[in-house]
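> Let me see the structure of the following:
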Amino acid sequence: MLFLFAVSVGADAQRFHGGVIAGLSASQVAGDTYSGYNKAGIYAGGYVSLDVGGRSSFQMELTYFQKGSRKNPDSLDYSSYLFRTNYVELPVLYLYKINKFTFEIGPSAGFLVGYTERRDGYPVYSDNLPASVTLQINAGLRFDITGRLTANLRTNNSLLNIRKHNVTGDVWRFWTYGQFHDVLILSVSYKLK
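Presented below is the predicted three-dimensional model:
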């Protein structure tokens, strides 16, 4: 699918654009009892967009994305927790531009490429592993800094349980109980064409 999309870029270069994206994410896992966007991660990848009107376009991305949850020790509680997941995500977004601002919304599929889970510095061994495929909804706002450089603030929220099994503390989201990634992303993108 990406190959066919890339081949089409040469056929109608006026309507297709591509670029790179890089930024930072702040995440939490709803349902794991550690609240707050305390887990920082990296966000990087590329995109191809197709203009479909004066203000509208569709964009497909391929990104590497770190999500998870973190609890650092403090003066009242010396325990620590780290849950780091690494995903390759494929968002498909609808973009609507008004002057220098662009609104974006769309789903994404995430494919787990690795994870780490540690409690008090020791690895956690459990059969409740992260799901290998996840589904998210994305919504965001972009601001054009220059003709090629754009700043972006996006939210990325899981629609499906990110764990293989339900556990105590799970929360309700849409149609199921479970644990869910909630992520805020601050990034910049650079249009190559």
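> Beta-bridge partners for the spatially closest residue to residue 55 that is not a sequence neighbour, please?
Residue nearest to residue 55 in three dimensions, not counting chain neighbours: residue 97, with 4.9 Å by CB to CB, 6 or more residues apart in numbering. (C-beta placed from N, C-alpha, C; glycine too.) Taking DSSP bridges as the rule, residue 97 bridges to residue 102.
> Over to residue 62?
Going by DSSP bridges, residue 62 forms beta bridges with residue 46.
> ok, now residue 118?
Counting by DSSP bridges, the residues bridging with residue 118 are residue 82, residue 123.
> check contacts around it.
Contacts for residue 118 (CB atoms under 8 Å, 6 or more residues apart in numbering) come out as 80-82, 124.
> Go again with 10 Å.
70, 80-84, 124 (CB atoms under 10 Å, 6 or more residues apart in numbering).
> Neighbours of the residue nearest to residue 55, how many?
The number of residues packed near residue 97 is 17, by other CB atoms under 10 Å.
> pretty sure it is touching residue 141, no?
No - proximity of residue 97 to residue 141 does not meet the contact threshold set by CB atoms under 10 Å, at 11.1 Å.
> Need the overlap of contacts for those two.
In contact with both residue 97 and residue 141: 103-104, using CB under 10 Å, 6+ apart.
> quick one: the residue nearest to residue 55 from residue 157, how far?
23 Å (CB to CB, to the nearest Å).
> residue closest to the middle of this protein?
Nearest residue to the geometric centre of the chain (CA atoms, centre = their mean): residue 156, 4.9 Å.
> That one is in what secondary structure piece?
strand 149-158 (DSSP states H and E).
> quick one: buried residues of that strand?
Judged by neighbour count (16 or more other CB atoms under 10 Å), strand 149-158 contains these buried residues: 150, 152, 154, 156-158.
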